[in-house]
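Model the following, please.
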Amino acid sequence: MKVFVVLALCSVACAANLQQLLDTTYTDVQGRKYTLDDFKGKYLAIYHSASWCGPCRRFTPNLISAYKALLGRNFQVIWVSRCRSSSDSDSFFQKMPWVRMSYSEGMGWRGDALFKLTNQRYIPAVTMVDPNFNVINDQARTAIERYGYRGFPWRD
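Alright, predicted model coming up:
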């Protein structure tokens, strides 16, 4: 029983930290601004990738297809750039139909903390988060590649 209580408390603490890290302003490709409140009740895919990364360039179209198939559902992708420059990030983002964290935040402490908190080691990386900010799959890329939109919400 004590182990269950400790695990439940750790889960609540992780969700609180994740929510704090995600509490920022996002923009879409048209420049519209969004906050975390705009995504209330949605599953979130936190997507770390970069333009210089071949596997990222190959995976992004898969995620775009899944995202478009799930339009109107309770789902949002948040892109966290790992590009080498702001201009590379801007150019790569032009292909994406979702929102992004600012380049400076993604490459700064916030992006680094998100990467570590969600147990990532390499890119491309997708972490699925439920509407209560619980991580339900910290390696969702594989499930997205394997099942496409039919596997949503790609639980671990």
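
now the residue nearest the centre of the chain, what's its secondary structure?
Among the residues of the chain, the one closest to the centroid is Ile46, at 0.5 Å (Cα atoms, centre = their mean). Look at Ile46: counting by DSSP: H, G, I helix; E, B strand; the rest coil, its state is strand.

if I look at the residue nearest to it when sequence neighbours are not counted, how far off is Ile78?
Spatial nearest neighbour of Ile46, chain neighbours left out: Thr127 (4.5 Å); criterion: Cβ to Cβ, 6 or more residues apart in numbering. Yep, even glycine has a C-beta here, placed from its N, CA and C like the rest. The gap separating Thr127 from Ile78 is 10 Å, by Cβ to Cβ, to the nearest Å.

One more: Val135?
Taking Cβ to Cβ, one finds Val135 at 14 Å from Ile78.

got it, and Leu71?
With Cβ to Cβ as the criterion, Leu71 and Ile78 are 16 Å apart.

Could you pull out the helices in this protein for me?
Secondary structure of the chain (DSSP state H): helices at 2-22, 54-69, 86-93, 103-107, 109-117, 140-147.

Cool, thanks, signing off.
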